[in-house]
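Engineer: Whatever this is, show me its structure:
(chains A and B)
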Protein chains: 2
Amino acid sequence: MESVINSIGIVSPLDYEFGNGDGGIGLDNGETFGPITVRYETYGTLNAERSNAVLVVHAFSGDAHAAGKHGSTDRSDGWWDSMIGPGKGLDTSKYFVICSNVLGGCRGTTGPSSINPATGREYGMTFPVITIHDMVKVQKRLLDHLEIEKLVTVIGGSMGGMQALDWAVAYPETVRSAVVLAATARLNAQGIAFNAVGRNAIMTDPAWNNGDYYGKTVPARGLATARMVGHITYLSDESMRMKFGRKLRERETYGYDFADVFEIESYLSHQGDKFVERFDANSYIYISKALDYFDLGDRYGGLAEALARATAKFLVISFSSDWLYPTYQSKEIVFALMKSNKDVSFTELSSPYGHDSFLLETERQATIISSFLDTVDGQRR
Amino acid sequence: MESVINSIGIVSPLDYEFGNGDGGIGLDNGETFGPITVRYETYGTLNAERSNAVLVVHAFSGDAHAAGKHGSTDRSDGWWDSMIGPGKGLDTSKYFVICSNVLGGCRGTTGPSSINPATGREYGMTFPVITIHDMVKVQKRLLDHLEIEKLVTVIGGSMGGMQALDWAVAYPETVRSAVVLAATARLNAQGIAFNAVGRNAIMTDPAWNNGDYYGKTVPARGLATARMVGHITYLSDESMRMKFGRKLRERETYGYDFADVFEIESYLSHQGDKFVERFDANSYIYISKALDYFDLGDRYGGLAEALARATAKFLVISFSSDWLYPTYQSKEIVFALMKSNKDVSFTELSSPYGHDSFLLETERQATIISSFLDTVDGQRR
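Structural biologist: This next block holds a predicted model:
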């Protein structure tokens, strides 16, 4: 369905470094942390009034490369290329789209695998514990650097949705609208439990070595196991049944031996191995911990109280088969917004693809999102 | 709620060994396997007609010790003590209740941790791949030994429910009724996926050593991780929220450091460690593989065709918050039974406790089960 739409073309990642002189940002844990390098990309053109910027915030394992290719030989496009480009849901002929890798990540922005200038070695587990709000503070510094005072919208799915919510509450003067996809206002016990299993798998891998494995053997087994668990939570019973069912990988009938491998097993194992090539195990630990802490209402005395601070218009979308952040969790956000008399649109899209729906159900989301942004944009003019 | 009901008292586990002379049983993989020791317990008295026997079949990590205590200093009762005893759901003043540890287990019945008499060493990964049907065949040999030709019922939850289904189809002449709790007629891709993660965690633990760890260091880390994943699937979003929520273990407020441990994390970690003390990692691998293979209709050309062989009355119970084997999977069984004109009663019990509900919702199940058994018993008289 995306093939008829032109991609964004060749893009170059950019780096912004700050915090060398002023000591960086104040983290939720009380530390002042810096310097920080922020890897980001932009698509489209910032208008003369600097008023057409859209901030895309990525999910757990995402990065700054949201659209286009880094070179003509790139095998794949950015992770949300289907949504970002001329005429797409986030129309780059109208909007200047920015996406940056999160603090704590491993794809260009400062994280545990970055060199600590004070020691000349990777931070590893000396990296400070961070929160979703800390990620947002870093993004705010990037916007300041780009001299952007207002955002048409902050948009993201999953952990990106959490950042969008935090943005609207922490910087109401900056955020004209927020699009919250497949997200939650607080991680529940089940989500914390899955994260705990992932961290446990990494931290009990002897190669993890208390986080000090850079230049040595990485904790590949632990990280792959963590990813396998995570991946199950991104799919659904229904999508797995449709895609894999009970099919064996290389046989028609059961051999009743360990050469019987079901396709779903092989798929998950492949996903685990692929992930190890592109993701840092310590980043997994820190980012999952940031998710655990996420409870938007916590610092404001309640969710409605937190959202009362926002001045943005909200669009909240959930997906029927998402059991990681089910629809009732999106409704909690919507009800809290209504309680505070905020402008909120909500829809649950029926989809079999589980949590991953926000990445896969592009067409329906694009229609809803572009219409929503028109109403935000209309207010400006 | 159980405290008002007397327990079964002190029981002694028994062992039945067979297959030394005749070579054992024919497994689904084509091998003839033996000798096999079956660990079992019985509660109540077999009547003169040998017609009041009930077979209880256990779930993944269960064992033969279903009720009572092994000694007066035992800290806990058998795993289904709330259901088995005088006046309870399975009334031992009426029924002779039998429960045996499954083939492949590690609680008295022959499994990978047993000594292979041919080598004098533990089987480890030379143990044959087994199926749910193989487990049932072993139980049939035990009944033959006990000279029991008819069972009032075969009853079990989860993997026990699968065995009950297999019993009714494989030995229709023996099974007068089957009680299938929180089960499925075939493991779906999501279930296979969770099992694959558990096996992966064990098999990537260096201590696993291709299954050859007996008398050495056991793969405790891998097995604990496997159990943590499994345990999440036994609970529900709702039950975790009620029991743990977002509470920290030893703090009131977040410290934003790794000493912040949520109660659910601590609970799962404890469950993982406890499991390692009582369960063998290779048994986890073999039993989870047996679950993966379970597809009742597979060898009969369809589920309805398989169930058409049964002559038993069926009672099927599912639980509203069970997302491991959700209600729709119980309904598949019920519809297939109806298609074959079988006598089936079905109910979905509303419960927040997820898959574990079959172990926790004793009172409501006991009422339904004892009434159901009265109708079976009535037919006999």
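
Engineer: Which parts of the stretch 201-350 of chain A are strands?
Structural biologist: If DSSP state E, counting those that start in this stretch is used as the criterion, the strands of the stretch 201-350 of chain A fall at A:313-319, A:344-349.

Engineer: Okay, domains of chain A per the record?
Structural biologist: Using automatic domain parsing, the domain parsing of chain A gives A:14-190+A:293-380, A:193-287.

Engineer: picking up where we left off before, please identify the deepest-packed of the strands of the stretch 201-350 of chain A.
Structural biologist: Highest mean neighbour count of the strands of the stretch 201-350 of chain A: strand A:313-319, a mean of 26 (counted as mean count of other Cβ atoms under 10 Å in any protein chain shown). For glycine as for every other residue, the C-beta is placed from the backbone atoms N, C-alpha and C.

Engineer: In this structure A:Glu147 contacts A:Glu49, no?
Structural biologist: No - using Cβ atoms under 8 Å, A:Glu147 makes no contact with A:Glu49, being 11.4 Å away.

Engineer: Residues that sit against both of the two, list them.
Structural biologist: Shared contacts of A:Glu147 and A:Glu49 (Cβ atoms under 8 Å, 6 or more residues apart in numbering or on different chains): none.

Engineer: on that earlier part again, out of the domains of chain A, the one nearest B:Ser61 is which?
Structural biologist: B:Ser61 lies closest to domain A:193-287 among the domains of chain A, at 17.1 Å (Cβ to Cβ).

Engineer: Would you mind listing the buried residues in stretch A:283-294?
Structural biologist: A:283-294 (16 or more other Cβ atoms under 10 Å in any protein chain shown).

Engineer: so, in contact with chain B or not, it?
Structural biologist: Yes - for a cut-off given as Cβ under 8 Å from any Cβ of the partner chain, stretch A:283-294 has contacts with chain B, namely A:289, A:292-293.

Engineer: before we move on, the earlier item: chain B is nearest to which of the strands of the stretch 201-350 of chain A?
Structural biologist: strand A:313-319 (14.4 Å; Cβ to the nearest Cβ).

Engineer: about what we covered before: of the domains of chain A, which is nearest B:Tyr171?
Structural biologist: Nearest to B:Tyr171, of all those, is domain A:193-287, at 20.8 Å by Cβ to Cβ.

Engineer: end-to-end on the closest one?
Structural biologist: 14 Å (Cα to Cα, to the nearest Å).

Engineer: which bits of the stretch 1-150 of chain A sit near chain B?
Structural biologist: A:27-30, A:125, A:128-129, A:131.

Engineer: before we move on, what about the stretch 201-350 of chain A?
Structural biologist: Counting by Cβ under 8 Å from any Cβ, the stretch 201-350 of chain A sits next to chain B at A:201, A:204-206, A:221-222, A:224-225, A:228-229, A:232, A:235-237, A:240-241, A:243-246, A:254-258, A:260, A:262, A:264-265, A:268-269, A:272, A:289, A:292-293, A:295, A:323, A:326.

Engineer: Write the ChimeraX selection for whichever of those residues are buried.
Structural biologist: Remark: buried members of those, expressed as a ChimeraX selection using 16+ other Cβ under 10 Å:
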select /A:201,204,205,221,222,224,225,228,229,232,235,236,237,240,244,246,254,256,260,262,264,265,268,269,272,289,292,293,295,323,326
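
Engineer: List the residues that contact the residue of the stretch 51-200 of chain A found nearest chain B.
Structural biologist: Nearest to chain B in the stretch 51-200 of chain A, going by Cβ to the nearest Cβ, is A:Ala189, at a distance of 3.7 Å. Counting by Cβ under 8 Å, 6+ apart, A:Ala189 touches B:237, B:240-241, B:243-246, B:262, B:264.
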